[in-house]
Every structure is written in C-alpha cells, then in structure tokens.
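Peer 1: Below are the sequence and a predicted model for it; my questions follow.
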Amino acid sequence: MTVRDAAGQPLSGLAAIVRFHHPTDRRADVMQEVREIAPGLFAGSAVPAAGQWDLVIELLRGGERDVLWPGLIRRF
C-alpha cells in the first residue's frame, strides 16, 4: 500500500499493521505486520479464510496511532 500526506508526499518512518477483522467471529481475525520497503510504500501478505472481512489498517509513529478508513487508502 502507498501512504501519502495531504500534499501527496510519501509518509515515511511509520509502522503499519493490517488486520482482517471477521465481523461475526473475532477468533478468526488475522493480523499482519507489513514493512516499509520505500518511503511511504508498505508490503506484506496475509491470506484469511474465505468469507466477509473488514480490513483495518493502523499506522503508528512514536506511539501514536492512526486508523485509515478504506476511502483514504490507495492501492497499487
């Protein structure tokens, strides 16, 4: 995934966690830490079971956390 600020510049130096949240069974949730491979560019992989999932992406910097909603995510 690509993470940019409001001016379109890559945000770097963040830790990112991707979580596949199962809406009816939290025991099935899958969490995947992704790594920054270039400024503002993160990569990782996870394969949750078939079904409906909510995707939650958390970005952390210095102990502060932001949750990105799907409308703010641009996939490549």
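Peer 2: Sure thing, it's come through.
Peer 1: Let me see the backbone angles for the residue nearest in space to the middle of the chain.
Peer 2: The centre of the chain sits closest to residue 57, judged by C-alpha atoms, centre = their mean, with a distance of 3.0 Å. With angles defined as degrees, to the nearest 10, residue 57 sits at phi -120, psi 130.
Peer 1: I'd assumed residue 1 was in contact with it.
Peer 2: Yes. Counting by C-beta atoms under 8 Å, residue 1 is a contact partner of residue 57 at 7.1 Å. In this view, the C-beta of every residue, glycine as well, is placed from N, C-alpha and C.
Peer 1: Now the closest residue to residue 9 other than its chain neighbours. Its backbone dihedrals?
Peer 2: Nearest non-adjacent residue to residue 9, counting by C-beta to C-beta, 6 or more residues apart in numbering: residue 40, 7.7 Å away. Here is the backbone geometry of residue 40 (degrees, to the nearest 10): phi 80, psi 0.
Peer 1: residues in contact with residue 13?
Peer 2: For residue 13, the contact set (C-beta atoms under 8 Å, 6 or more residues apart in numbering) comprises 36, 61.
Peer 1: How many residues are close by residue 3?
Peer 2: Using other C-beta atoms under 10 Å, residue 3 is surrounded by 21 other residues.
Peer 1: again with residue 16
Peer 2: Neighbours of residue 16 under the rule other C-beta under 10 Å: 19.
Peer 1: Let's see the pLDDT reported for the residue nearest to residue 9.
Peer 2: We note a pLDDT of 91 for residue 40 in this prediction.
Peer 1: Can you tell me how far residue 21 is from residue 30?
Peer 2: Plainly put, residue 21 is 9 Å away from residue 30 if you go by C-beta to C-beta, to the nearest Å.
Peer 1: Please apply the same query to residue 64.
Peer 2: Distance from residue 64 to residue 30, by C-beta to C-beta: 24 Å.
Peer 1: Neighbour count for these two, which is higher?
Peer 2: Shown here are residue 64 and residue 30; by other C-beta under 10 Å, residue 30 has more neighbours (14 against 7).
Peer 1: Please name the nearest non-neighbouring residue to residue 5.
Peer 2: residue 11 (5.6 Å).
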